[in-house]
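In: Fold the following.
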Amino acid sequence: VTMLQRQCETDRRRLAQLEKKFEAKVSDAEKPDGRERWAEVQGSVSGLLEETQALARRLDGLDERLWARTSGSEASKQRNRELEQQVQALEQQNRLAAAAAEELQKRQATKLRRTEHSLEEVLRRVSTLEDEVRQRS
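Out: Residues are numbered from 1 along each chain as shown. Here you go, the predicted model:
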């Protein structure tokens, strides 16, 4: 895009130079040199006209290329926004899944502690019963 803008600016400067040359030729043609100068000025005008038309076509081409590049970048920006939204949705899902997994882990740890306490209680009772059985025998 910057390259196209620079090229457009160069073309504008060239057109300004051509206009100055044209004005100089017209002012020279007004001097009393006669028909030769007038023919020369007419040739210069024709050349300037052709040059101006060529520059206009070139500018049109630059405009088309610039538009094609910028419209392509808009499509890319839109696609990037869509991808960013998808990433954010996935991150949210991931956070929810991690929170659920953490909660499940806490519940499992609580169940394991209860089971260990119950097992210790059962072992204590069994030990007490064994002691009673030994004492009776």
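In: And the host helix or strand of residue 86, what does it pack against?
Out: Taking DSSP states H and E as the definition, residue 86 sits inside helix 35-136. The contact analysis (3 or more CB pairs under 8 Å, 6 or more residues apart in numbering; DSSP states H and E) places helix 35-136 against helix 2-29. C-beta coordinates here come from the backbone N, C-alpha and C atoms, glycine included.
In: name the helices or strands packed onto the helix it packs on?
Out: helix 35-136.
In: the inter-axis angle of the helix it packs on versus helix 2-29?
Out: Relative orientation of helix 35-136 versus helix 2-29 (axes from the mean of the first three to the mean of the last three CA atoms, to 10 degrees): 170 degrees.
In: I'd like the average pLDDT over helix 35-136.
Out: Mean per-residue pLDDT for helix 35-136: 88.
In: how far does it sit from the chain's center?
Out: Helix 35-136 sits 12 Å away from the centroid of its parent chain (CA atoms, centre = their mean, to the nearest Å).
In: who's in contact with stretch 5-20?
Out: Residues outside stretch 5-20 that contact it (CB atoms under 8 Å, 6 or more residues apart in numbering) are 48, 51, 52, 55, 58, 59, 62.
In: Only the buried residues of that stretch, if you could.
Out: Using 16 or more other CB atoms under 10 Å as the test for burial, stretch 5-20 gives 8, 11, 15, 18.
In: before we move on, what about stretch 119-133?
Out: Applying 16+ other CB under 10 Å to stretch 119-133 flags no residue as buried.
In: about what we covered before: how about the buried residues of stretch 5-20 in a markdown table, adding pLDDT?
Out: As requested, those are exported to a markdown table (pLDDT from 0 to 100):
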| residue | pLDDT |
| --- | --- |
| 8 | 81 |
| 11 | 84 |
| 15 | 84 |
| 18 | 82 |
